[in-house]
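Visitor: no sequence for this one, just the structure:
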């Protein structure tokens, strides 16, 4: 019940999440640890603020039995989404190289040239989360809900808590994907707004 120990555990989880994200993402340039860490920290703070303080309201607010598992569930889903999204973005930019060069030559900004790849990567990054949402409660009973039911809790309340957690994970995964794309798309362009080949990044 020491808040500093709770923050220490979360910090270790964040560092591990960054390492796993960078190791899983394929074809990405070096130097993305900072943007990945920042996107994870922002989404984690949003989760703690919204879910724990507005919905669950534990006492104390840093209750480790709630904050640590929720952070783990969020980071686990976000890591997968970021790794898939980053891999897809750089793969798409390489596939669209001629299209990007044409758009830039016609006066498009780097954001306008990269936008189709950004949208594609966010959609692909959200696929695991949306698939789990579609089957939740019908095909699969998630661990949090199953644990409360097995422990003798009210199934309706367990389902409500699980829905809140899944909704928060889906929303914050979208936020994390959007943040990481906003911070990294410029790595595909030079200071003069020219397309930068993968070997030069």
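Guide: Cool, the structure landed. Keep in mind that what you see is a predicted model, and the values were worked out from it rather than measured. Numbers count the residues shown, from 1 in each chain.

Visitor: the residue nearest to residue 193 when sequence neighbours are not counted - how many residues pack around it?
Guide: Distances taken as CB to CB, 6 or more residues apart in numbering put residue 110 closest to residue 193, at 5.4 Å, once the chain neighbours are dropped. Bear in mind the C-beta positions are built from the backbone N, C-alpha and C, glycine included. Neighbours of residue 110 under the rule other CB atoms under 10 Å: 18.

Visitor: any idea how far residue 110 lies from residue 4?
Guide: 42 Å (CB to CB, to the nearest Å).

Visitor: repeat that for residue 179.
Guide: 27 Å.

Visitor: helices or strands next to the helix or strand of the chain with the lowest mean pLDDT in the packing?
Guide: When each helix and strand of the chain is scored by mean pLDDT, DSSP states H and E, helix 143-150 comes last, with a mean of 71. Of the remaining helices and strands, those touching helix 143-150 by 3 or more CB pairs under 8 Å, 6 or more residues apart in numbering; DSSP states H and E are helix 155-184.

Visitor: quick one, the helix it packs on and helix 143-150 angle?
Guide: Using axes from the mean of the first three to the mean of the last three CA atoms, to 10 degrees, the direction of helix 155-184 lies 170 degrees away from that of helix 143-150.

Visitor: all numbers from here: first residue = 49
Guide: Fine by me, first position is 49 from now on; the one you just mentioned is helix 203-232.

Visitor: go through helix 203-232 and flag the buried ones.
Guide: 206-207, 209-210, 212-214, 216-218, 220-222, 224-225, 227-229, 232 (16 or more other CB atoms under 10 Å).

Visitor: stretch 114-125 too?
Guide: Buried-residue list, stretch 114-125, by 16+ other CB under 10 Å: 114, 115, 116, 118, 119, 121, 122, 123, 125.

Visitor: chain center to it: distance?
Guide: Put simply, stretch 114-125 sits 12 Å off its chain's centre (CA atoms, centre = their mean, to the nearest Å).

Visitor: now the one helix or strand residue 85 maps to: mean pLDDT?
Guide: Assigned by DSSP states H and E, residue 85 belongs to helix 81-95. Here helix 81-95 scores 88 as its mean pLDDT.

Visitor: got the angle for it vs helix 203-232?
Guide: Using the same axes, to 10 degrees, the direction of helix 81-95 lies 150 degrees away from that of helix 203-232.

Visitor: from the contact counts, what lies against the helix or strand just after helix 81-95?
Guide: Going down the chain from helix 81-95, the next helix or strand is helix 112-143, by DSSP H and E. When contacts are defined as 3+ CB pairs under 8 Å, 6+ apart, helix 112-143 sits against helix 51-72, helix 81-95, helix 158-183, helix 203-232.

Visitor: of those, which is nearest residue 109?
Guide: Closest approach to residue 109 among these is made by helix 51-72 (8.7 Å; CB to CB).

Visitor: kindly provide the whole-number mean pLDDT of that closest one.
Guide: Computed over helix 51-72, the mean pLDDT rounds to 91.
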